[in-house]
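1. Quick one, structure for this:
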Amino acid sequence: MKKKIVKRAACTFLAAAISCVPVGCSNESESDEVKVGLLHSLTGSMAISEVSVRDAELLAIEEINAAGGVLGKQIVAVQEDGASDPSTFATKAEKLIDSDEVVTVFGCWTSASRKAVKQIFEDYDNLLWYPVQYEGMEASSNIMYMGAAPNQQIVPAIEYLIDQGYENFFLLGSDYVFPRTANMIITAQLEAAGCNVVGEEYAAMDQTEFSAIISKIEEAQPDVIINTLNGTGNVSFFKQMDERNITADDIMTMSFSIAEEEVAAIGADILQGHMVSWNYYQTTETEENTKFVEAYKAKFGEDRVTSDPAEAAYIAVYMWAAACEKAGSFDVDAVKEAAAGLSFEAPEGTVTINGENQHLAKTVRIGQISEDGLIYEIYATDAPVEPDPYLTTYQWAVDAGIQPLE
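-> Numbers count the residues shown, from 1 in each chain. Next comes the predicted model:
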């Protein structure tokens with residue numbers, strides 16, 4: 001299918017050509033508004049990460065509305081708080097779809113919350129735009145995956161560490177599906193490379209005491225910690241590591257859920273020198289990113305930072321709008337068909353929706369946290385990497401028989 005490139009700077013595409021909603025379109029009332037849902041944790045342990053994602057979605061909506069809206073309609077955001085609880089996410093998702101009658105939803109962070117709502121979106125045939133990297137092993141026809149698949153974050157990060165000479169790995173994560181599946185993938189990858197897992201520990205999502213785990217890490221003497229903690233657990237863990245005077249010079253960490261927002265909460269002095277793996281940083285050098293960062297700070301404050309999940313959420317709103325315009329409809333099936341092969345000049349660079357699995361092709365970037373609180377790229381792929389959520393192109397993964405965890 002021929003790809004259609006959509007330039008953010010030329011967002012007047014949203015106001016052009018189509019002057020009315022076509023016959024057969026969902027939400028085809030005479031209203032000059034169209035409702036979308038925003039479903040994120042605004043309270044609880046995940047609020048530290050998800051508020052900024054919600055804010056990026058609001059920024060995109062504001063910009064699109066200023067450019068004329070979508071199919072001649074202004075976007076109205078209906079916000080709900082998932083409260084860092086998967087069952088609450090499920091309840092609020094059904095409310096947004098069934099009661100509020102939104103045409104689509106932008107939301108979730110943890111894989112636990114995504115899996116809690118997945119069946120609801122499939123049953124109602126609505127569409128969730130999911131903004132965060134995740135463990136893969138999934139490709140729902142009712143979810144658009146805007147974050148990294150494992151071959152666009154986890155696998156290349158481990159490859160990078162092995163290339164840098166790291167051999168002994170300690171796996172630390174929150175106790176839910178993303179960290180456990182990620183560590184299953186990592187263990188298979190390390191075994192195939194002849195490296196060692198010297199420890200594996202999990203913490204409850206609301207856990208704040210990490211002294212016992214840190215003692216196990218010290219005893220295991222790893223070269224590097226692979227960190228898949230999420231939410232406020234990251235704050236507690238790194239602050240308690242700092243209390244023991246353990247720095248990146250002593251034991252390096254590679255984190256998959258620490259971005260600029262979390263650095264600000266934990267402290268750059270504590271995280272300086274540690275590594276992360278994402279597809280975007282506030283420091284990413286593109287013309288589109290300069291505009292995005294300036295607009296984000298202008299709206300929410302100069303002290304605010306952008307991040308990979310926030311940028312992916314911003315992308316999601318623009319790509320949904322572009323797909324609606326291309327389809328001439330808000331209908332879910334029409335939007336999905338229009339989205340296949342759609343490209344967008346995003347702050348991170350060109351991203352393209354894979355029509356087979358509804359994930360994005362994305363550039364991989366390894367970053368290092370600086371004393372100024374920002375993350376600077378130390379490695380990047382030469383071009384966007386095609387998504388492989390089931391790792392079918394990696395022989396070690398096929399040989400290991402990696403399966404999704406529920």
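
2. Only the buried residues of stretch 187-206, if you could.
-> Neighbour counts over stretch 187-206 (16 or more other Cβ atoms under 10 Å) mark 187-190, 195, 197-203, 205 as buried. From N, CA and C alone the C-beta is placed, and that goes for glycine too.

3. and it, C-alpha only, in PDB?
-> Extracted C-alpha coordinates of stretch 187-206, given in PDB (Å, rounded to 0.1, in the frame of the first residue of the first chain):
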ATOM      1  CA  THR A 187      16.600 -14.100  29.600                       C
ATOM      2  CA  ALA A 188      16.300 -15.900  26.300                       C
ATOM      3  CA  GLN A 189      18.300 -13.300  24.500                       C
ATOM      4  CA  LEU A 190      21.100 -13.400  27.100                       C
ATOM      5  CA  GLU A 191      21.200 -17.100  27.100                       C
ATOM      6  CA  ALA A 192      21.600 -17.200  23.400                       C
ATOM      7  CA  ALA A 193      24.400 -14.600  23.700                       C
ATOM      8  CA  GLY A 194      26.300 -16.500  26.400                       C
ATOM      9  CA  CYS A 195      25.600 -13.900  29.100                       C
ATOM     10  CA  ASN A 196      24.300 -14.500  32.600                       C
ATOM     11  CA  VAL A 197      21.200 -13.600  34.700                       C
ATOM     12  CA  VAL A 198      22.600 -13.300  38.200                       C
ATOM     13  CA  GLY A 199      19.300 -12.300  39.900                       C
ATOM     14  CA  GLU A 200      15.600 -11.600  39.200                       C
ATOM     15  CA  GLU A 201      13.300  -9.700  41.600                       C
ATOM     16  CA  TYR A 202       9.800  -8.200  41.400                       C
ATOM     17  CA  ALA A 203       8.200  -5.500  43.600                       C
ATOM     18  CA  ALA A 204       4.500  -4.700  44.100                       C
ATOM     19  CA  MET A 205       3.300  -1.600  42.200                       C
ATOM     20  CA  ASP A 206       2.900   0.300  45.500                       C
END
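
4. How about the helix or strand that contains Val76, which residues are buried there?
-> If you go by DSSP states H and E, Val76 is part of strand 74-81. By neighbour count on 16+ other Cβ under 10 Å, the buried set for strand 74-81 is Ile75, Ala77, Val78, Glu80, Asp81.

5. With distance to Ile266 and pLDDT as extra columns, can I get the residues you listed in a markdown table?
-> Below are these laid out as a markdown table (distance: Cβ to Cβ, whole Å; pLDDT from 0 to 100):
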| residue | distance to Ile266 | pLDDT |
| --- | --- | --- |
| Ile75 | 34 | 98 |
| Ala77 | 30 | 98 |
| Val78 | 32 | 98 |
| Glu80 | 28 | 98 |
| Asp81 | 24 | 98 |
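
6. Pick out whichever of these sits closest to Cys108.
-> Glu80 (11.3 Å; Cβ to Cβ).

7. And the closest one, how close does it get to Ile97?
-> Per Cβ to Cβ, to the nearest Å, Glu80 is found 11 Å from Ile97.

8. and for these two, which residues touch both?
-> Gly37 (Cβ atoms under 8 Å, 6 or more residues apart in numbering).

9. residue nearest the centroid of the chain?
-> Centroid-nearest residue in the chain, with Cα atoms, centre = their mean: Val132, separated by 1.4 Å.

10. Now for this protein, the helix or strand with the poorest mean pLDDT.
-> Every helix and strand of the chain was ranked by mean pLDDT, DSSP states H and E. The lowest is strand 4-7, at a mean of 38.

11. who's in contact with the helix or strand following that one?
-> Using DSSP H and E, the helix or strand that follows strand 4-7 in sequence is strand 33-40. With Cβ under 8 Å, 6+ apart as the test, strand 33-40 has contacts from 27, 50-51, 53-54, 57-58, 61, 69-71, 73-82, 89, 92-93, 96-97, 100-109, 117, 317, 320, 330.
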